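> Kindly return the folded structure for what I paste below:
(2 chains)
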Amino acid sequence: MNELLNTIMAQPPAEATALCLVLGLAAYILARPLPAVAGAAVLAGSAYVLSVAGAMWGQAANLGPILPWPVQLGPVSLNFNFAATPLGTLVSGGAAAFTLLIAVYCFRYLAGQPWRGKAYAYMLWSLAGCCMVGWAGNFLLLLVGWELVTLMLYLLLNPGPRGSEEGAAKTLGLLGFADQCLLMAVVLMLMVAPPASRSIAGLNDLPLVNLALPAQHHPIDVASLGWVGYTIYALLLVAALAKAGAMPLHTWIPSAAVGSSAPVLALLPGALDKLLGIYLLARVCLDIFAPDRTFQLILMGVGAVTILAAVFMAMMQHNLKKLLSFHAVSQVGYMVLGIATGTVAGIVGGLLHMVNNAIYKSNLFLMSGTVGKAAGSDEIENMGGLARQLPVSFACGLVSAAAISGVPPFNGFVSKWLIYQGCLDLHSGLGVALLVAAVFGSALTAASFVKIIYSAFLSSRPSGQAAPQAHSRESLLTAGPMIVLALACVALGLYPQPLIQGVLLPVAASVNPSGQLAIQSTAMTLSVGATGNWSPAAALGLILIGILAGLAIPAVFALRRVRRVRPFYSGEILAGDDRYRMPGTAFYQTIRSMRGIGPLLEQGARGSMDVYHMAGRYGQSLIELLRAQHTGLICLYVAWCVFGLAVTVIYLILSGIH
Amino acid sequence: MERLLPILVAWPLACGFLVVALAQVRGLHRLTGLISGLGLAGGLGMAVELCRRVYELHAAGGQASFSFGLWSPAQAQLYADGLSSLLLLIINFVGLAILIYSVAYMRRYTSTWLFQSLFLVMVAAMNGLVLAGDLFTLYIFIETAALASYALVAFGCEAEELEASFRYLVMGVIASTFILVGVALMYSLTGQLNMIQIATVLARGKLASSPALLLAAGCLLAGLAIKAAMVPFHAWLSDAHPSAPAPISAMMSGVLIKTGGVYAIARIVFSVLGANASYAQVLMAMGGVSMVVGALLSLGQWDIKRMLAYSSISQMGYVMLALGAGAYALSSGAGRDIALLCLVGAFFHLFNHAAFKSLLFLASGSIEYATGTRRLDQLGGLAQRMPVTGFCCRIGALSIAGIPPFNGFFSKLVIVIALVLAGLPALAVLAVAVAVLTLLIAVKLQRYALDGQSSLQAQQARESPWPMGVGMVVLALVCIGGGLAFFPLRQYLFDPAGQALLQAPLSQAAGALP
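Numbers count the residues shown, from 1 in each chain, chains lettered A, B, ... in the order given. You can find the predicted model right below:
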């Protein structure tokens, strides 16, 4: 036991993970009597993980196993290995940062909820799971961390306000399926390992299983492993895509969004699950396996379809959280698309988008929390006129909405621009088609956020809606995290160079070992190839000039003298009549009646294309078929036994003859 | 140490009869619970001691077994090795937890003493079953355990319970017939009843492939498969297990089908018949089909206990599959290491299943106790109303779903790795696919019973009395710690158990034939 403690203490990532697990246990025990202490534990744990991530920033190190007594399973020895890679440290550190901010938000948002203490414990444990994945040195640790995050997501979704158990169950069902795929992939890796490495060194030293890859490693060509290799690759992709929420395994996110509370959505589907899913996708596609044409094509297709289909679904939604959750799906499409292009710009863009999306998406979910509380409902039609009551939410929501729509100079623009460059770098018609899909998706995203910003903040309040109570106003605790995230959107938009240069480019460089990098970044500009040039500072200047010019127009032309009158019709004042209110949702009803797309989207909204429901339907008929055989007739049951005996004996005799 | 073996059977049996006697004396009938507790605690103590001694012998590299014969050691009726001691530990430990639970649960029935005495007889018979050294002793104890369980299934005396018990009785009689025919054939062919001696005779001659012996083997396998509820011999289980009072359901699903079915099959295939490819294929086929069919049927149920009962079929399928893979690895030349790994996986899963399935049945009993219903669609929101039961039920559900850090994850991982190493990747894929179904079962259980809005019945629910909580918490702790404790558990329990089956031929240890 001492030996184990010493090994853990010697490895900062292992120590941070263990600390989170222990603090989580303490928080769980103290959850009821002292929820504030549990909250403080989250702050301590995530701050410690952040400090470790800061210390390990940009480093690559194989830290070795932590169990002094590996579990020897025949020729395979199982142990938990930690390792540090720049991308992994980014994931763990990012997870800690989000946990910290959202815990602060929860202090106010969840105040008075009886389950908040336990929620803090689950947050700590999910952070521990993220650390295990980010700093995993082998797939066994990654698998355990991965499933731990799934479990914590389930437990966090469960106690939501009303009807959350449906979504939570679906989440565990779908993600549990993905986790089993990951497990199967890990176990199948044993099959392709050369027998020598099995018997001598065990699971941890297999080139395939070792995640702490040395600098001079060569990714494996998946075709050289035959069908087992393809199976492993496909299973890993299923696990990664389901976690990140790409189509067709995305359906858990919208279902989970309906009943559960905003900070949970901001933390897990908004941020951590994206980080984990895309991290695994990047490791699989870039580090472990050499790029494979077939899978690249599949992934590009998945990415493009996800971007467009999810954004259409998002535009149809009237529930704020559900709408945001479809955007969470749609944005995954950009990441998948970027990584799948296999070009340096695309990969860097995809990974940068992972970080950017986590920031603005979790900010948007937090915004939905304060807005939902103030409006007393998550339905967009019941909102309105909240800009005055919730100025910080409005400002941060506006920044995040601009970022997610790819408006310069915010962070979403930079990563999307890099992804567009990545598509162009394919130098083919396919690349152009993908570019069109991505740009179109971005435009639709902007359209749907116009609806949110207008409906929630700018339109007039519905007449039946009472003015927001004082307790639903923003406090420093809810506004602070949103401000920090909004500032991060601006900062990463203006100055993404350190992140690109320090962490993301080396990852992308592994697919392009010739040493020629397609991205040059200086203090002022980013340039891709010969044509792509982006200078955030110059762009910011131009944008500011444009805005100032716009502001100058009313001043110059004295347009400020606006006359405000109440709606008036034939002498009757119509204020307070909702028939004359302009809700933000009306315009988007037209999408439903669009030819071609409309009926398809209706089908999708009813869940007919949901793999979960499909599996349920077909599974149910199979189960009913089996159940129908169990009639309770003893003679039938006895006949089965006799039949079983006969088959057994005949089989034994026949196989004995040969 | 050899003398401990008959005491392990006699002590609970004596306590059982004492309970009957005390119950008739006014003033002393309050002591029956204490006596039955003593019966099981004594059994547990002896089982621990036996495990310790077996481990010491095992670690020293010697023959880790004890035999006891009434007439001569060579014709031992009772025989204990690593596998027997593992099962003894499971039977008595789970039995004790269930007995504590039943102190409160059984208050709503009359004649609790009858329950206690039948329970003790069942435990004594199971102790004898796993200690049996010859086929006829095995048969007798299987029958004794079955007799006690027929009565216990019908304990509520309602129409449903009597019908289930009758169905169970009919199927049990068929199983007994098969087994008895198998034993008789075996005796007529080899002239022996003692397992070691039969194995020696079979190893010497060419008898092993004669049709008569294969018929005997088929009868034994089919008879025991009825006891283990392998598909297509499974139909009785889904009626019998849910109808019994919850503690008995827990005992039957958690322990009885393992001892009477899986243990006996493992013992006969590995120690008597000798593991060859044909037997391996039979076991793997039964295991694979049971896994899939059991899980699918379980998923379709709305009665909690029925759901859990079908899931037992599926989980026993896992164990049977791993046993078959062990036999396959031995016969295909994959090596003893791999075979041992398969067996360790099987026993680890057996151990874990004993913990989480008993726990889930106890939790379902507690839910029924509080709400008066077992229908999932009439429950809801119980995690808040019944914190202890809800917590334990969730732990059990997550364990059976195979989610880390709970024990089910680790045994599933060991079995899947073992299957791949044994050269059976298709079965490994099947095992993982069934794990997804099992996960869905656990999700359904939690979604409808524990989470969501309380139904009318659930709104009145209050936490069950504390002895029920104690019984559940003990098992929940095993579920939480069992996975992380794989290393010591394997060293002290599973490795000796696996080695016990791989010691071929057994005859070398027990001496030559007379």
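> how about A:Glu15, what does it touch?
A:8-9, A:52 (CB atoms under 8 Å, 6 or more residues apart in numbering or on different chains). In this view, the C-beta of every residue, glycine as well, is placed from N, C-alpha and C.
> Of these, which is the most crowded?
For the contacts of A:Glu15, counting by other CB atoms under 10 Å in any protein chain shown, the largest number of neighbours falls to A:Val52: 25 neighbours.
> In this structure that residue contacts A:Ala16, no?
Yes - contact criterion CB atoms under 8 Å: A:Val52 and A:Ala16 qualify, at 4.4 Å.
> Mutual contacts of the two, please.
In contact with both A:Val52 and A:Ala16: A:Ser92, using CB under 8 Å, 6+ apart.
> List the contacts of B:Leu330.
B:275, B:280, B:336, B:339, B:502.
> Near residue 385, how many residues? Count them for me, please.
Since no chain was named, I'll use chain A. 19.
> not quite, I wanted chain B
Neighbourhood size, B:Arg385 [other CB under 10 Å]: 21.
> ok, the spatially closest residue to B:Val20 that is not a sequence neighbour to chain A distance?
Leaving aside its sequence neighbours, B:Val20 sits nearest to B:Ser117 (CB to CB, 6 or more residues apart in numbering or on different chains; 4.9 Å). Using CB to the nearest CB, to the nearest Å, one gets 29 Å for the distance from B:Ser117 to chain A.
> okay, B:Ser117: pLDDT?
pLDDT for B:Ser117: 93.
> repeat for A:Leu626
At A:Leu626, the pLDDT value in this model is 90.
> and it, what does it touch?
B:293, B:296-297, B:300.
> most surrounded residue in these?
Going by other CB under 10 Å, B:Leu297 tops these with 24 neighbours.
> Next, it: secondary structure please.
helix (DSSP: H, G, I helix; E, B strand; the rest coil).
> May I have the secondary structure class of the nearest residue to it once chain neighbours are set aside?
Leaving aside its sequence neighbours, B:Leu297 sits nearest to B:Tyr310 (CB to CB, 6+ apart; 4.4 Å). Three-state call for B:Tyr310 (three-state DSSP): helix.
> hmm, back to that, closest to chain B among the contacts of A:Glu15?
A:Ile8 (14.5 Å; CB to the nearest CB).
> burial of the residue lying closest to B:Ala225 once chain neighbours are set aside, as a residue count?
Among residues not flanking B:Ala225 along the chain, B:Phe233 sits closest, at 4.6 Å (CB to CB, 6+ apart). For B:Phe233, the neighbour count with other CB under 10 Å is 31.
> give the contact list for B:Phe233.
Neighbouring residues of B:Phe233 by CB under 8 Å, 6+ apart: A:640-641, A:644, B:175, B:222, B:225-226.
> Quick check: it is in a helix.
No - applying three-state DSSP, one finds B:Phe233 to be coil, outside a helix.
> In the one helix or strand A:Leu5 maps to, which residues are buried?
Assigned by DSSP states H and E, A:Leu5 belongs to helix A:2-10. The neighbour-count check on helix A:2-10 (16 or more other CB atoms under 10 Å in any protein chain shown) flags A:7-8 as buried.
> and what of stretch A:61-73?
A:61, A:63-67, A:70-71, A:73.
> One more: stretch A:390-403?
A:390, A:392-403.
> thought A:Val192 was touching A:Tyr230?
No - A:Val192 lies out of contact with A:Tyr230 (CB under 8 Å); the separation is 10.8 Å.
> where along the stretch 201-350 of chain A do the helices fall?
A:226-244, A:252-259, A:262-267, A:273-282, A:293-316, A:320-341, A:344-375 (DSSP state H, counting those that start in this stretch).
> Quickly, which of those helices bottoms out on average pLDDT?
helix A:252-259 (a mean of 86).
> I'd like the distance between A:Phe643 and A:Leu174.
38 Å (CB to CB, to the nearest Å).
> and if you look at A:Gly598?
Counting by CB to CB, the gap from A:Gly598 to A:Leu174 is 27 Å.
> cool, and A:Phe312?
Counting by CB to CB, the gap from A:Phe312 to A:Leu174 is 21 Å.
> who has more neighbours, those two?
Neighbours per residue, other CB under 10 Å: of A:Phe312 and A:Leu174, the larger number sits with A:Leu174, 25 against 21.
> The buried residues of stretch A:61-73 also near chain B: which ones?
With CB under 8 Å from any CB of the partner chain as the criterion, the buried residues of stretch A:61-73 include A:71, A:73 near chain B.
> Out of the buried residues of stretch A:61-73, which sit inside strands?
In strands, defined here by DSSP state E, the members of the buried residues of stretch A:61-73 are A:61, A:63-65, A:71, A:73.
> now the helices: where do they sit in the stretch 251-400 of chain B?
Counting by DSSP H, counting those that start in this stretch, the helices of the stretch 251-400 of chain B are B:264-266, B:277-299, B:304-332, B:336-371, B:382-385, B:387-401.
> Out of these, which is closest to A:Asn81?
helix B:336-371 (21.3 Å; CB to CB).
> hmm, the closest one touching chain A?
Yes - Helix B:336-371 lies within reach of chain A by CB under 8 Å from any CB, at B:337-338, B:340-341.
> coming back round to it: may I have the helix or strand hosting the residue nearest to B:Val20 as CSV, with CA atoms only?
Assigned by DSSP H and E, B:Ser117 belongs to helix B:112-131. C-alpha atoms of helix B:112-131 as CSV (Å, rounded to 0.1, in the frame of the first residue of the first chain):
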residue,chain,number,x,y,z
THR,B,112,-41.1,-17.8,10.5
TRP,B,113,-39.4,-20.7,12.2
LEU,B,114,-40.5,-22.9,9.4
PHE,B,115,-38.8,-20.6,7.0
GLN,B,116,-35.6,-20.5,9.1
SER,B,117,-35.4,-24.3,9.4
LEU,B,118,-36.0,-24.8,5.7
PHE,B,119,-33.4,-22.2,5.0
LEU,B,120,-30.9,-23.9,7.2
VAL,B,121,-31.6,-27.3,5.5
MET,B,122,-31.1,-25.7,2.2
VAL,B,123,-27.7,-24.2,3.3
ALA,B,124,-26.6,-27.5,4.8
ALA,B,125,-27.5,-29.3,1.6
MET,B,126,-25.6,-26.8,-0.5
ASN,B,127,-22.6,-27.2,1.8
GLY,B,128,-22.8,-30.9,1.3
LEU,B,129,-23.3,-30.5,-2.5
VAL,B,130,-20.1,-28.6,-3.0
LEU,B,131,-18.2,-31.0,-0.7
